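1. 3D, please:
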Amino acid sequence: MFGFRVSLSSSFIYKNCSEARFECGNISIGYPFFGGDRLRECGHPDLELHCDGNTNTATIEMVGVKCRVMEIRPDRQTLRIARKDLLENGCCRPQTPIINSTIDSELFDLEPAPPGYINATLYYDCPSLISSLEYSTCNSSGYKNISVTMHNIDLDGCSASVTFPIFHTDDFCGNPDLFSFLKEAIERGFQVKWKEDAEAYRKCNASGGACGFDLLNNQRFCYCPHPNQNPNECPPQGMYISILSLT
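-> Numbers count the residues shown, from 1 in each chain. Purely as a prediction, here's the structure:
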């Protein structure tokens, strides 16, 4: 008798992955994401979406940093995201502990690629203010002052710093109010492109399957309405009937 690796609940997983979508505010998306009504098996383990019921906004965590999902374009495989802490609390109150925004290069690329984006770095409570950096005071937070730079420099003695990408425009040059512009840049967010194999996704769907993830073997898997051993596509219905007749 043939042994199938898919559990008895595979038909339920298939139905969920093929029908359920993550819905929150203006975000509606299926594979490769999971969350909400979508089972964990329906998306990549690192692409979980959450919905804030109070604000009806979607969030995703990237390398320890919570980001608000502002837009998803499945046709381009892109997300536009913004740091949730800076977006909601302003530059003076980043999340604790402070974590720089980094892109998981196995899952995402910045889109468009640099120099479309540059890194902005905020420095908190430096021992002496540097004339070449824009400076502002912080009110009602744990920090007293804040400096910002768009250049790759190291400052010693500062209490903390945080780095994150922002879209590069010529408006940075000689801008009289860089902090106001920075606020606008944070609200605009930055765009990343996920590295999912679009051809594999189409192949699974064309065979009548629903793309998901095999959590046990840590790989993409094509869930089918009937037992399936092929992780890439569903077997033809006639082949499935033939296999059953042998069992």
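2. where does this protein have low pLDDT?
-> 1-8, 113-115, 128-135, 139-142, 152, 169-176, 237-247 (pLDDT under 70).
3. how about a cut-off of 50?
-> 1-8, 241-247 (pLDDT under 50).
4. could you pull out the helices for it?
-> 10-19, 84-89, 178-188, 198-206, 237-246 (DSSP state H).
5. nearest to C51, out of those helices?
-> Smallest distance to C51 across these (C-beta to C-beta): 13.1 Å, for helix 84-89. Yep, even glycine has a C-beta here, placed from its N, CA and C like the rest.
6. packing partners for that closest one?
-> strand 65-73, helix 178-188 (3 or more C-beta pairs under 8 Å, 6 or more residues apart in numbering; DSSP states H and E).
7. mean neighbour count, the ones you listed: which tops it?
-> strand 65-73 (a mean of 20; mean count of other C-beta atoms under 10 Å).
8. direction included, what does that strand pair up with?
-> Paired strands of strand 65-73, with direction, are strand 57-62 (antiparallel), strand 78-83 (antiparallel) (DSSP bridges).
9. what's the most buried one of the ones you listed?
-> strand 78-83 comes out most buried of the strands paired with strand 65-73 by mean count of other C-beta under 10 Å, with a mean of 22.
10. kindly state the beta-bridge partners for the residue lying closest to C204 once chain neighbours are set aside.
-> In this structure, C204 finds its nearest non-sequential neighbour in C222, 3.8 Å apart by C-beta to C-beta, 6 or more residues apart in numbering. Using DSSP bridges, the beta-bridge partners of C222 come out as C211.
11. C222 touches Q229, doesn't it?
-> No - the criterion here is C-beta atoms under 8 Å, and C222 misses it with Q229 at 10.5 Å.
12. tell me which of those two has more neighbours.
-> C222 (24 against 12; other C-beta atoms under 10 Å).
13. got the contact list for that one?
-> 203-204, 207, 209-212, 228, 230-234 (C-beta atoms under 8 Å, 6 or more residues apart in numbering).
14. picking that back up, can you lay out the helices and strands packed on helix 84-89 as a markdown table showing distance to K195?
-> Below are the helices and strands packed on helix 84-89 laid out as a markdown table (distance: least, C-beta to C-beta, whole Å):
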| stretch | distance to K195 |
| --- | --- |
| strand 65-73 | 15 |
| helix 178-188 | 23 |
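15. follow-up on the earlier one: turn the helices of the chain into CSV, columns for distance to L49.
-> Formatted as CSV, the helices of the chain follow (distance: least, C-beta to C-beta, whole Å):
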stretch, distance to L49
helix 10-19, 15
helix 84-89, 13
helix 178-188, 20
helix 198-206, 18
helix 237-246, 33
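16. what bridges to the closest residue to V192 other than its chain neighbours?
-> In space, and not counting its chain neighbours, V192 is closest to F108: 4.2 Å by C-beta to C-beta, 6+ apart. Partner residues in beta bridges with F108, using DSSP bridges, are W194.
17. F108 and L86, how far apart?
-> 19 Å (C-beta to C-beta, to the nearest Å).
18. do G25 as well
-> 19 Å.
19. ok, those two, which is more surrounded?
-> L86 (24 against 14).
20. if I look at the nearest residue to the more buried one once chain neighbours are set aside, how far off is Y117?
-> Nearest non-adjacent residue to L86, counting by C-beta to C-beta, 6+ apart: I186, 5.0 Å away. Per C-beta to C-beta, I186 is found 13 Å from Y117.
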